[in-house]
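>>> Pasting a predicted model and its sequence here:
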Amino acid sequence: MAGNDARGRFEELVGRIPPGGSLDGLAGEAEALGRGLARAGQAPDDLLALQARITATAGTSAGSGAAASRLLVRAIGGFAAESHAMREELARSHAECLEEGRRFERRSMEAEELQLQAEAARKAKSEFIADMNHELRTPLSTIIGFSEVLQDEMFGVLTEKQLEYVGYILQSSRNLLALITDIIDLSKIEADRAELEPERVRPREVVMSAVSLVREKAIAHDIRLAVEVDAATPDEVEADEKKLKQALYILLSSAVRSSFDHGAVTVRAAPLPAREGEPAGEGWLRVAVEDTGPAIRPEDHARLFQPFSRVELPGTGKYMGTGLGLALARMLVELHGGSIGIERGEGGGNRFVFRIPATRRMAERLAAGEGS
């Protein structure tokens, strides 16, 4: 509000003073006029300059001049009250800014402390991996080696009972070694020590190789293994062959373990085109492992891929594995830039499905946010 406008507005208010000099209704408008001047950052000089004219008016009409003076006092009072309120608000804002600055400083120090703790945790995890690898795997490998020597009767014939016990030792040692290996692999990925070694990989060969690793156990339980590779599947994709095979083996092993005797496990590989928003001309490799075991409850699906989370197989009273395998499979797939999930199979069992980018270029683009 400009000074001339304020003066004109005040003069208009003075002109509305009734003959009796009553300020009913006008006093509030005068206060509002003064507050408006303060909010606009204007000085009340123009209002104060009216004092001489008000005095002249008082010479003509004492009642009118006194009323105009009271009106001016209300306007100046409104200005002063608003100015005081604004100063208090400014002081509060200043105090809040100072407090926010102190909070920011505290948060920065806390973030720095958390970073140091995270660094220490990563270092501890790396040391744990090294210790686990040496202190546990080495003696277990020795136990397995000597058990195999005994089982092969290289230094003498064993009785049937002795062979049975050696078989227990060998199987338990292998199971424990597999568990330790899973823990080490899981820890490596969580510690950001796992790196992909991408190369040109043949999907069909990876699938067949993984299937061969579970064939013996499947035969022992009369479980039929089937492989279906779509004709449109590319001959080669870019991936880390060892880690891709490991992820597929985990799913196959879980499927065989979950299936009932005389059941079936089917592996399907097929290409998927790039989706909307993803790099054009490059697609995905989709792999599905389907079993004929009891269907896992939908409410348990989210927990399946979490480390150390064991899910019950409905109707069996048994739990799926150690709670490490599927978590490791998820991490291995995500390391490729892919995703993994579970859905209901056609035969009522479970179907685990994962997909990975067919090329590293696509995976790198997705990691950079160029696709969804």
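Thanks, I have it. Everything numeric in this text was worked out from a predicted model, so none of it was measured.
>>> and the strand or helix carrying residue 176, which residues are buried?
Using DSSP states H and E, residue 176 maps to helix 160-190. Within helix 160-190, the residues that count as buried by 16 or more other Cβ atoms under 10 Å are 166, 170, 173, 177, 180-190. For every residue, glycine as well, the C-beta is placed using N, CA and C.
>>> what is the mean pLDDT for that helix?
Confidence for helix 160-190, expressed as mean pLDDT, is 81.
>>> packing partners for that helix?
The contact analysis (3 or more Cβ pairs under 8 Å, 6 or more residues apart in numbering; DSSP states H and E) places helix 160-190 against helix 62-132, helix 138-151, helix 325-335.
>>> Out of the buried residues of helix 160-190, which comes closest to residue 340?
residue 189 (13.8 Å; Cβ to Cβ).
>>> Does that closest one touch residue 333 like I think?
No: counting by Cβ atoms under 8 Å, residue 189 stays clear of residue 333, with 11.0 Å between them.
>>> Next one, pLDDT for the residue nearest to the spatial centre of the chain please.
With distances taken as Cα atoms, centre = their mean, residue 334 lies nearest the centre of the chain, 13.1 Å away. Residue 334 is assigned 90 on the pLDDT scale.
>>> Show me the domain layout of this protein.
Domains of the chain are assigned by automatic domain parsing as 3-92, 123-190, 199-367.
>>> Could you check how far residue 8 is from residue 15?
Relative to residue 15, residue 8 is positioned 10 Å away (criterion: Cβ to Cβ, to the nearest Å).
>>> swap in residue 70?
For residue 70 relative to residue 15 (Cβ to Cβ), the value is 15 Å.
>>> Show me where the stretch 201-350 of the chain dips below the pLDDT cut-off.
274-282, 315-323 (pLDDT under 70).
>>> for it, what spans make up the strands?
Applying DSSP state E, counting those that start in this stretch to the stretch 201-350 of the chain gives strands spanning 224-229, 237-239, 264-272, 284-290, 312-313, 318-319, 339-344, 350-357.
>>> How far off centre is the fourth one?
On the basis of Cα atoms, centre = their mean, to the nearest Å, strand 284-290 is displaced by 24 Å from the centre of the chain it belongs to.
>>> For that strand, list every residue counted as buried.
284, 285, 286, 287, 288, 289, 290.
>>> between residue 8 and residue 15, who's got more neighbours?
Using other Cβ atoms under 10 Å as the criterion, residue 8 and residue 15 rank with residue 8 on top: 12 against 9.
>>> helix or strand for that one, which one?
Per DSSP H and E: helix 3-15 holds residue 8.
>>> Run through who's touching whichever helix or strand comes after that helix.
The first helix or strand that comes after helix 3-15 along the chain, using DSSP H and E, is helix 26-39. Helix 26-39 has contacts (Cβ atoms under 8 Å, 6 or more residues apart in numbering) with 1, 6, 9-10, 13, 16-17, 23, 43-44, 47, 70-72, 74-83, 86.
>>> buried sites along helix 26-39?
26, 27, 29, 30, 31, 33, 34, 35, 36, 37, 38.
>>> Quick one: distance of stretch 246-254 to the chain centre.
Centroid separation for stretch 246-254 versus its chain: 25 Å, with Cα atoms, centre = their mean.
>>> Adjust the sequence numbering to begin at 19 for everything that follows.
With 19 as the first residue, the last one maps to stretch 264-272.
>>> Contacts made by that stretch with the rest, please.
203, 224-225, 228-229, 231-232, 235, 283, 285, 305, 307, 338-339, 343-344, 346-347, 350-351, 358, 370, 372.
>>> tell me which of the buried residues of strand 302-308 is nearest to residue 172?
Nearest member of the buried residues of strand 302-308 to residue 172, counting by Cβ to Cβ, is residue 307, at 38.2 Å.
>>> Could I get the contacting residues of that closest one?
With contact set as Cβ under 8 Å, 6+ apart, residue 307 has these partners: 266, 269, 270, 273, 283, 284, 285, 369, 370, 371.
>>> out of those, who's nearest residue 158?
residue 270 (23.5 Å).
>>> Excluding chain neighbours, give the residue nearest to the closest one in space.
residue 232 (4.8 Å; Cβ to Cβ, 6 or more residues apart in numbering).
>>> who's in contact with that neighbour?
Residue 232 neighbours (Cβ under 8 Å, 6+ apart): 243, 267, 270, 271, 274, 283.
>>> Out of those, give me the one that has the most neighbours.
Most surrounded of the contacts of residue 232: other Cβ under 10 Å gives residue 283, at 27 neighbours.
>>> That one: what's it in contact with?
Residue 283 neighbours (Cβ under 8 Å, 6+ apart): 232, 236, 241-244, 270, 273-274, 277, 307-310.
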